[in-house]
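**Q** The amino acid sequence is not available; the structure is as follows:
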């Protein structure tokens, strides 16, 4: 998973929070105005934003970022977030507002995002099919044939079935 850390000043997130064996970590530092352009260009799976003043400019930049990367998890790390900021951040598309720089909290968030991404990739890999049965007339055994076919298909452990 590609993780981008974007902040206004140097952010030294301990290596224990991000397993660099599993994840590619990119640290970016810059002004809020450049946040969407620089982060979108890097192609992340997860973005952590930190170190900016809690105002409408921050919400606007996050909204632009979330709109440009709809499948990417974006988190805002800020101490003592105001309730109005929490609501506006969620409306902008931010997945979580993390109120602590604690490495355990950030590591737990990264693990949740990774689990969600792995679940999405597993379901995306399986093509789906729809099979329709239409009886010629009532009582001709179509329901029985359908039930027997579904029972046989359900024996395959890798197949999800809805009847």
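**A** Nice, I can see it. For clarity, every value in this text was computed on a predicted model and none was experimentally measured.
**Q** Show me what the residue nearest the centre of the chain is bridged to.
**A** Centroid-nearest residue in the chain: residue 73, 4.1 Å away (criterion: CA atoms, centre = their mean). Note on residue 73: beta-bridge partners by DSSP bridges are residue 46.
**Q** who touches the helix or strand of the chain with the lowest mean pLDDT?
**A** Using mean pLDDT, DSSP states H and E, helix 103-125 stands out as the lowest-scoring helix or strand of the chain, at a mean of 76. Contacts to helix 103-125, defined as CB atoms under 8 Å, 6 or more residues apart in numbering, come from residues 1, 3, 13-14, 16-18, 22-23, 45-46, 48, 73, 75, 77, 95-96, 98. No exception for glycine: its C-beta is placed from N, CA and C like everyone else's.
**Q** helices or strands up against whichever helix or strand comes after it?
**A** Sequence-wise, the next helix or strand downstream of helix 103-125 (DSSP states H and E) is helix 142-153. Contacts defined by 3 or more CB pairs under 8 Å, 6 or more residues apart in numbering; DSSP states H and E place helix 142-153 against no helix or strand at all.
**Q** so for helix 142-153, what's the average pLDDT?
**A** Regarding helix 142-153, the rounded mean pLDDT is 88.
**Q** Name the spans of the protein whose pLDDT lies under the cut-off.
**A** The model of the chain has pLDDT under 70 over residues 14-17, 20, 120-127.
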